[in-house]
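Trainee: here is the input, now give the coordinates:
(2 chains)
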Amino acid sequence: MSPRRTRATALRVLRQLRHDPRTIVLLLAVPCVLQVLVRALFADSPSVFQSLGVPLLGLFPFVAMFIVTSITMLRERTSGTLERLLTTPLARGDLLVGYALAFALVAAAQATLVSALSFGLLGLESGHRPLSVIALAIANAVLGMALGLFASAFARTEFQAVQFMPAFVLPQILLCGLIVSRDEMAEWLRVISAVLPLTYAYDALARLASSDELTARFWADVAIVVGVTVVALVLGAATLRRRTP
Amino acid sequence: MSAAISVRGLRVERGGREVLHAIDLDVEHGRVTGLLGPSGSGKTTLMRAVVGVQLVAGGSVVVLESNAGTPALRQRVGYQTQDPSVYGDLTVDENLQYFATVLGASRPRVTEVVGLVGLDGLERQLAGSLSGGEHARLSLATVLLNEPDVLVLDEPTVGLDPMLRRDLWGFFHELATGGTTLLVSSHVMDEADRCDDLVLLQEGRVLVSGTPEGLKRETGTVDLDAAFLSLIDAADGTP
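Mentor: A predicted model of the protein is given here:
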C-alpha cells in the first residue's frame, strides 16, 4: 500500500461526488429533515425525542454510507474501471482505505450538520459531549461503508444493490433495540440481534444519550463496531479479485 | 532475445466450456502485433490472460520474462479495455491526474498525453459528456501515462472515423519505433495491413500467424481481407 495512492483514491471519490451536487444536498439535507420530523412527531412527549434523537444521529450515516458505497463500488465493478485499476500497481488496500477516508469525511460533515441542528435548534440533549456523538456517528458510517462494500460483491445490477438496503440494513434497525428494547424481545430475536453489528452501535449511542457514566460495556460496544468494520473491509478486499473467470 | 510475450498451451474455460484451446503465441519486442478475428473468437480473453486478470485452466503466459500478472509487471504493462474504463463523472484532467498518481507518472506527463491523443482544450470537460471517439482516446491516454514497455489495446480504434484511425495507427508505430511492444486487437480485417505481425484467432484457436506480406504470399492473394475470410470459411467447413 502507498499513502500517495490511498490519498489520490480518496480525492478521486470526493471529486466524483463534487460533480454530483444533488447527491451532496440529499446526503446532508435528508437526515436533517428526518430529525425535524421525529422532533415534530413527538412534540407532546419530549422524552421520546430525547431517547431517539441521539441514536438516530448515529444511524443516519450508517444507512446513507451503506447505500452510497454499495452503488459506487458496483459501478466501479461494472464500468471496467475496477478491472483496469487491478492491472495497475494500486493495492486493494489503497482502494478500500481511499474509499473509507472519503466517505468518513462525508459522514463527518453529515453528522456535524445534524448534530448542530439537533443540539442547537431542536433542543436535543445528551449526557455526553456532542463531539463524542459525532465521533461515533463517523465510526458507524465507516461500518456502513464496509458492509456496503462487501454487499456490493453479491449484486450484479444496481436494482439488486438497492434491494440490499432493506435486506441488510432494515432487519438490523428493527432488532437493534431502537424500536423494542432487547430485554423485551423473544429469546430467538435477542439471539439474532446479538450477532448483528448495529445492535452494538445502537447500544453505544444510547449510552451516550443517557447521563450515566460510560462503563466498560460502552467501550466493548465501540470495539465491536470497529472490529466488525475491519473484518468487513478484509472480506471486501477478498471479493476484489485480480483474476476473474 | 526472447519474445516480449510468450504464450504456451494456454487454455481458458468460461462458464464450464473451453474458450481458448491450447494457444501458442509469440509477440516480438518493438513491433505492432495485430490480434484479429471475428467477435467471440477469444481476443479479449487472450488479452486478459496476457495482462493477468483472466483465470486460466492451463498453460503459461510469460510477459517480459515474468509470469503474467506478477506485481512487477503492473508498472510495465498497460491495458486498455474494450469499453473506455474511465470515470464518466470526472473531467478529462481529473481522470488523468488520478491514473497518473496510481501509475507514478508526473504532472507534466499528463499535459503531454493530452497532446498525444489530441484532447487539448477538453481538459475540463466531463468524461461522460465526450463523444465516442474522444472517450476512447481518453481511455488510451490513461494507459500511456507511465510509458509502459508493453501495451495491450483491446479494439482501440472501434467506432472511430477513418482519419482518426489512420492517426492512431501511425502513433502506434511511433511507439513501436521507440521500443514499445504493442498487441492490438481488431475485428476489422482491413486494419491487418497496418500491423507488423498478425495473429488470426478463430473459435479460440490460432488459425494463422505471420507478417502481412508472408500471409499474402502464402494464400496467393493481394487482399488480406479476402485471404482471412477464405481461411475462416475453410476452417468453418463452409464453401
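Trainee: CA only for contacts and neighbour counts going forward, please
Mentor: OK.
Trainee: neighbours of the closest residue to chain A within chain B, how many?
Mentor: When distances are taken as Cα to the nearest Cα, chain B reaches nearest to chain A at B:Val53, 4.1 Å away. B:Val53: 21 surrounding residues under other Cα atoms under 10 Å in any protein chain shown.
Trainee: kindly report the same for A:Ala201.
Mentor: Close neighbours of A:Ala201, defined as other Cα under 10 Å, add up to 27.
Trainee: point to the residue nearest the middle of chain A.
Mentor: Nearest to the mean C-alpha position of chain A, by Cα atoms, centre = their mean, lies A:Phe62 at 2.0 Å.
Trainee: check contacts around A:Tyr99.
Mentor: When the contact criterion is Cα atoms under 8 Å, 6 or more residues apart in numbering or on different chains, the partners of A:Tyr99 are A:9-10, A:13.
Trainee: switch to 6 Å and redo it
Mentor: For A:Tyr99, the contacting residues are A:Ala10, by Cα atoms under 6 Å, 6 or more residues apart in numbering or on different chains.
Trainee: again, but for the one 5 residues further on
Mentor: Contacts for A:Ala104 (Cα under 6 Å, 6+ apart) come out as A:138, A:142.
Trainee: cool, B:Val53 as well?
Mentor: The neighbours of B:Val53, taking Cα under 6 Å, 6+ apart as the test, are A:242-243.
Trainee: kindly state the pLDDT recorded for it?
Mentor: B:Val53 carries a pLDDT value of 92.
Trainee: since we're on A:Pro21, how many residues are nearby?
Mentor: The local packing count at A:Pro21 equals 11, with neighbours defined by other Cα under 10 Å.
Trainee: which residues touch the residue of chain A found nearest chain B?
Mentor: Here chain A gets closest to chain B at one residue, A:Arg243, 4.1 Å apart by Cα to the nearest Cα. For A:Arg243, the contact set (Cα under 6 Å, 6+ apart) comprises B:53-55.
Trainee: which SSE is immediately downstream of the helix or strand bottoming out on mean pLDDT in chain A?
Mentor: Using mean pLDDT, DSSP states H and E, helix A:158-164 stands out as the lowest-scoring helix or strand of chain A, at a mean of 86. Proceeding C-terminally, helix A:158-164 gives way to helix A:170-175 as the next helix or strand, assigned by DSSP states H and E.
Trainee: average pLDDT for that next one, rounded please.
Mentor: What helix A:170-175 shows for mean pLDDT is 92.
Trainee: just stretch A:9-25 next, same as before
Mentor: Averaged over stretch A:9-25, pLDDT sits at 93.
Trainee: ends of that stretch, how far apart?
Mentor: With Cα to Cα, to the nearest Å as the measure, the first residue of stretch A:9-25 is 22 Å from its last.
Trainee: so how far is B:Asp167 from the residue nearest to the centre of chain A?
Mentor: A:Phe62 sits 50 Å away from B:Asp167 when distances are taken as Cα to Cα.
Trainee: likewise for A:Asp221?
Mentor: Taken as Cα to Cα, the span from A:Asp221 to B:Asp167 is 62 Å.
Trainee: okay, the two: which has more neighbours?
Mentor: Between A:Asp221 and B:Asp167, counted using other Cα under 10 Å, A:Asp221 has the larger neighbour count: 21 against 11.
Trainee: quick check: phi and psi at the more buried one.
Mentor: For A:Asp221, the backbone dihedrals (degrees, to the nearest 10) come out as phi -60, psi -50.
Trainee: near chain A, which residues of chain B?
Mentor: B:53-55, B:74, B:85, B:89-90, B:102 (Cα under 6 Å from any Cα of the partner chain).
Trainee: output the longest helix along chain B as PDB, nothing but the C-alphas.
Mentor: Using DSSP state H to define each element, chain B has its longest helix at helix B:162-177. Extracted as PDB, the C-alpha positions of helix B:162-177 are listed here (Å, rounded to 0.1, in the frame of the first residue of the first chain):
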ATOM      1  CA  PRO B 162     -11.100   6.800 -40.700                       C
ATOM      2  CA  MET B 163      -8.800   9.800 -40.200                       C
ATOM      3  CA  LEU B 164      -8.500   9.200 -36.500                       C
ATOM      4  CA  ARG B 165      -7.900   5.500 -37.100                       C
ATOM      5  CA  ARG B 166      -5.100   6.300 -39.500                       C
ATOM      6  CA  ASP B 167      -3.600   8.800 -37.000                       C
ATOM      7  CA  LEU B 168      -3.800   6.300 -34.100                       C
ATOM      8  CA  TRP B 169      -2.100   3.500 -36.200                       C
ATOM      9  CA  GLY B 170       0.600   6.000 -37.100                       C
ATOM     10  CA  PHE B 171       1.000   6.700 -33.400                       C
ATOM     11  CA  PHE B 172       1.200   3.000 -32.500                       C
ATOM     12  CA  HIS B 173       4.100   2.600 -35.000                       C
ATOM     13  CA  GLU B 174       5.900   5.700 -33.500                       C
ATOM     14  CA  LEU B 175       5.600   4.000 -30.100                       C
ATOM     15  CA  ALA B 176       6.900   0.700 -31.500                       C
ATOM     16  CA  THR B 177       9.900   2.500 -33.100                       C
END
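Trainee: would you map the helices across chain B?
Mentor: Per DSSP H, chain B carries helices over the ranges B:43-51, B:92-103, B:107-116, B:132-144, B:162-177, B:212-219, B:224-236.
Trainee: make a markdown table from those and add distance to A:Val226 to it.
Mentor: Converted to a markdown table, the helices of chain B look like this (distance: least, Cα to Cα, whole Å):
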| stretch | distance to A:Val226 |
| --- | --- |
| helix B:43-51 | 36 |
| helix B:92-103 | 28 |
| helix B:107-116 | 37 |
| helix B:132-144 | 36 |
| helix B:162-177 | 50 |
| helix B:212-219 | 61 |
| helix B:224-236 | 59 |
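Trainee: now do the least confident helix or strand in chain B by mean pLDDT against helix B:212-219, angle only.
Mentor: One helix or strand of chain B scores below all others by mean pLDDT, DSSP H and E: helix B:224-236, with a mean of 77. Interaxial angle of helix B:224-236 relative to helix B:212-219 (axes from the mean of the first three to the mean of the last three Cα atoms, to 10 degrees): 50 degrees.
Trainee: which residues sit against helix B:224-236?
Mentor: Applying Cα under 6 Å, 6+ apart, the set of residues contacting helix B:224-236 from outside is B:189-190.
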